[in-house]
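Asks: got a predicted structure plus its sequence, pasted below:
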Amino acid sequence: MRHIQHFAEDCAALLRERTEGKTVDRRRFLQALAVLGVSPVLARLTPAHAQAKEVFIVNWGGDAVAAMTKAWAEPYMKTAGAAKAIVDGGGPSSAKIKAMVESGKVTWDVVDRNLIAALELGRQNLLEKIDYAIVDKGKIRPEHAGEWGVGSYIYANVLTYQTDAWGGRTPKDWKDFWNLKDFPGKRALRKHIDGQLEAALLADGVPADKLYPIDVKRALDKIKSIKQHTVFWATGAESQQLFRDKEVVMGGLWNTRAEVARKESAGKVSYTYNQGSAWVGAWLVPKGNPAGKEVFKFIASAQDPAGQVELFKMLGNGPVNPAASAMVPADLQPWDPGSAANYKAQIPADAEWYAANSATVLNQYLEAIS
């Protein structure tokens, strides 16, 4: 471990040489030190720090950085008196948020998570409450306005299938997914409980309005009944590759991956929102965020339908603002998880149930499919 410390100290020294007497962005500077594991005091750093007003937005990286910059950050910065908005792909895990808040060294203003994380972290006093005097509840569905989190986009776990696998017949629901006689072939399910348990219960005859609280044993027994015919995927890229290689004839995929598979296969792969599991991305604000109330002005700006449609075009994340549906181009409307028709066909995930049970049940699930 000692050589790692030496390397970090040398990097800190180099950083000090390059920034001595110069104006640098304070939060990026502190983040660089955090990565190195060196405190500002230990590094004896004396640069003048820029104090310009800014909103630091953190998502999970990749294409989402450019997409959220174009769809949300740039339009926000054009509004009167707006702060500078920076989108960073640092990955806002619960552990990172907790460490920041408890250390008193918060550098993030708003993060891309979900309503489940909002409940888990909010109840630990790690998040600011959403200021609905600034953020408009009228621009989201009631179930997407949480105390510590507010909806930002919609995505789904959907039944995806090879259209030419059964002589023109196509599966319509999860009962068909479990029907190996009429729809033979390998299946794919996610190596995580999100949406998988709901699919199993729907296949077993549980009505959509009776899914929660989830009967875990019943769901796991149903999944085990087709385990030998199922490939369990860990990443979105893996799920898409299973269809690309025709290793599976149907699967439960995120709508974003299913849509890419549909396009690249020229329609030989398709999917349905019927009995899909609807999930909501949400804005969370770490306790003690540097931008303060300014962050809620950014969130309010991101509620604009035009920006949400832009994000859908770029990433496939559906608009959470119902008013955006009319602005989605006609050729894309059938594939929008947030449209009135598609949202109605899905079952919204129960954030309360997942916040209370996810960790325990996930271990049971992984044991069942191993």
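Replies: Right, received. Where do you want to start?

Asks: residue 232 and residue 181, how far apart?
Replies: The gap separating residue 232 from residue 181 is 22 Å, by Cβ to Cβ, to the nearest Å. To be clear about C-beta, it is placed using only N, CA and C from the backbone, and glycine gets the same treatment.

Asks: between the two, which is the more surrounded one?
Replies: Taking other Cβ atoms under 10 Å, residue 232 and residue 181 do not tie; residue 232 has more neighbours (20 against 5).

Asks: and residue 143, how many residues sit next to it?
Replies: 13.

Asks: now residue 367. Its backbone dihedrals?
Replies: With angles defined as degrees, to the nearest 10, residue 367 sits at phi -70, psi -40.

Asks: next one: residue 271
Replies: The phi/psi pair for residue 271 (degrees, to the nearest 10) is phi -160, psi 170.

Asks: isn't it right next to residue 160, touching?
Replies: Yes: contact criterion Cβ atoms under 8 Å: residue 271 and residue 160 qualify, at 4.1 Å.

Asks: if I pick residue 243, what's in contact with it?
Replies: Taking Cβ atoms under 8 Å, 6 or more residues apart in numbering as the contact definition, residue 243 lies against 160, 162, 188, 251, 253, 261, 265, 269.

Asks: residue contacts, residue 230?
Replies: 186-189, 223, 369.

Asks: got it, and residue 259?
Replies: Counted by Cβ under 8 Å, 6+ apart, residue 259 has contacts 271, 316, 335.

Asks: now with 7 Å?
Replies: Neighbour list for residue 259: 316, 335 [criterion: Cβ atoms under 7 Å, 6 or more residues apart in numbering].

Asks: that one falls within a strand, correct?
Replies: No: using DSSP: H, G, I helix; E, B strand; the rest coil, the assignment for residue 259 is helix, not a strand.

Asks: shared neighbours, residue 271 and residue 160?
Replies: 253, 258.

Asks: of those two, who's got more company?
Replies: residue 160 (29 against 24).

Asks: give me the distance from the one helix or strand the more buried one maps to to the chain's centre.
Replies: Assigned by DSSP states H and E, residue 160 belongs to strand 149-162. Its chain's C-alpha centre and that of strand 149-162 lie 9 Å apart, by Cα atoms, centre = their mean, to the nearest Å.

Asks: who are the packing partners of that strand?
Replies: Secondary-structure packing of strand 149-162 (3 or more Cβ pairs under 7 Å, 6 or more residues apart in numbering; DSSP states H and E): strand 250-254, helix 255-264, strand 269-284, strand 318-319.
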